[in-house]
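Novice: model this:
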Amino acid sequence: MNRIWIATALLLSTMAACDWDQRRGKGRYGKGSWGGNTVKDWRVLVEAVDVGVGSVARELVTHGTLESEAMADITPEAGGVVQEIRVEEGDSVRAGSILAVLSNPSLEAGSARARVELSQAQRRFEQAQTLHARGAISDTEFQEAEDGFAIAKASHREATGSAGFTRLTSPIDGTVSIRDVRLGELAGGAQRAFQVVDLNRLRVIVNLSEGDLEYLSIGQPVVLAGTYDDKATSTGEILRISPVVDETSGTVRVTIAVHTDDKTGGRLRPGQFVEVRIEVDRHSDVMTIPRRAVYWQDGAPVAWRITDKPPAEENASRGKWSNRGNGDDKDDWFKNLFKNAQEKKESSDPWEGVPRRMVERVSLSLGYTDSVNAEITAGLARGDTIVNIGGENLRPDAEVKLPGDPNPKRPERGDKKPDDEEGEDE
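Specialist: Numbers count the residues shown, from 1 in each chain. As a prediction, this is how the structure comes out:
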């Protein structure tokens, strides 16, 4: 009997040694598990959302480029050297504001000469009036003096106007968007010097299919967003609908006025490429999920539903000892010893208390889809939890974790790792 007890004790010592080797880094916790606070975590971090009830709009979606209803290119009507620049890009100007001053000696001399000629013609006309009243000159001579004065005034106006070409002014209220001249250079001809844009009168022109005409009307609300800047958003309304269809493309020209008085419209600028959404219908009280929770595989919409991972099968080593029923105190002692060792081993499981979740791929049938939500007509049920962010590279049965889920802990074996492992971890 003593030999049996000795053999049993040796067997338990061997099992404990094997378990100790596992905990030293050769078992299920991985090499070097004594050196850190966590073990290897293969789960994928995702964000989740529950399938709920909401409303989804049917929208006509297209793209276009923003422009201004009032935009002017200022080109010098007469050439000259840039002598003064009074505005820069981004400056606000009023109609008639001087943007730059050019120097053109020929025009300036012509204006001065016309001014002198006008003064001479005026004196001759006044003298002719006096003499004609006294009968000293004939009616013909008086008429010649009067005509000369009229010609001088016309010439002066022309010369003065030409001299005014050296002052570049803005024809509209707006903001200077382009300055294409520099001090000291020769400006003139067909070269643009400035561009002024009214930022308060923006529009976008889009071309929609003639089949969409039945859904369009003047004044219909529109939502706009920057294609490359999703924070640049604004609203608008349909301003004009062309009465003809382009025979080559089968589309209709639609002009949309942008509301620039809202808080977000200031981020939209002329020349910006924007996405245009026109709501034509809406479904309410339907099952919805966020649009970004819909993933596409092989051209079909899918979602990743999160479920609890099924519990693993019991390890064979955790089987219960059979009760021989002889009441032997030594049997009870060994059974209690094994039970305590087993409980201690289980209590050191790093995954104890950690939620275990996995995903399954679900094929979807979609209804309406707008910029925020997607309508689900089949594939999911209300209350299902699905992956909202992080599902791009998932595979069926992949394990996932949610924000706030605890990490697995290393087994507690005191504050220090065994001495014989210090060199191994280093």
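Novice: ok, and residue 238, which helix or strand is that part of?
Specialist: Using DSSP states H and E, residue 238 sits within strand 233-241.
Novice: I'd like the average pLDDT over the helix or strand following that strand.
Specialist: Heading C-terminal from strand 233-241, the first helix or strand you meet, by DSSP H and E, is strand 251-258. For strand 251-258, mean pLDDT rounds to 94.
Novice: Tell me the gap between strand 251-258 and the middle of its chain.
Specialist: 23 Å (CA atoms, centre = their mean, to the nearest Å).
Novice: ditto for stretch 254-262
Specialist: Its chain's average C-alpha position is 19 Å from that of stretch 254-262, according to CA atoms, centre = their mean.
Novice: all helices for the stretch 251-400 of the chain, in order.
Specialist: Using DSSP state H, counting those that start in this stretch, the helices of the stretch 251-400 of the chain run over 329-347.
Novice: low-scoring stretches of it, by residue?
Specialist: Applying pLDDT under 70 to the stretch 251-400 of the chain picks out residues 261-266, 312-349.
Novice: for the stretch 51-200 of the chain, same thing?
Specialist: Judged by pLDDT under 70, the stretches of the stretch 51-200 of the chain that qualify are 104-114, 156, 158-165, 189.
Novice: buried sites along the strand holding residue 238?
Specialist: 233, 234, 236, 238, 239 (16 or more other CB atoms under 10 Å). All C-beta atoms are positioned from the backbone trio N, CA, C, and that covers glycine.
Novice: got the angle between that strand and strand 251-258?
Specialist: Compare the direction of strand 233-241 with that of strand 251-258 by axes from the mean of the first three to the mean of the last three CA atoms, to 10 degrees and you get 130 degrees.
Novice: Could you list every helix and strand in contact with strand 233-241?
Specialist: Contacts defined by 3 or more CB pairs under 8 Å, 6 or more residues apart in numbering; DSSP states H and E place strand 233-241 against strand 221-226, strand 251-258.
Novice: Taking the buried residues of strand 233-241 together, which two end up most distant?
Specialist: 233 and 239 (18.9 Å; CB to CB).
Novice: Where do the strands of the stretch 251-400 of the chain begin and end?
Specialist: Counting by DSSP state E, counting those that start in this stretch, the stretch 251-400 of the chain has these strands, from start to end: 251-258, 273-290, 295-297, 300-308, 357-363, 365-369, 373-378, 385-389, 399-401.
Novice: Need those in JSON lines (columns: mean neighbour count and distance to residue 149).
Specialist: Below are the strands of the stretch 251-400 of the chain laid out as JSON lines (neighbours: other CB atoms under 10 Å; distance: least, CB to CB, whole Å):
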{"stretch": "strand 251-258", "mean neighbour count": "20", "distance to residue 149": "52"}
{"stretch": "strand 273-290", "mean neighbour count": "17", "distance to residue 149": "60"}
{"stretch": "strand 295-297", "mean neighbour count": "12", "distance to residue 149": "84"}
{"stretch": "strand 300-308", "mean neighbour count": "17", "distance to residue 149": "85"}
{"stretch": "strand 357-363", "mean neighbour count": "17", "distance to residue 149": "93"}
{"stretch": "strand 365-369", "mean neighbour count": "16", "distance to residue 149": "78"}
{"stretch": "strand 373-378", "mean neighbour count": "18", "distance to residue 149": "79"}
{"stretch": "strand 385-389", "mean neighbour count": "19", "distance to residue 149": "84"}
{"stretch": "strand 399-401", "mean neighbour count": "18", "distance to residue 149": "95"}
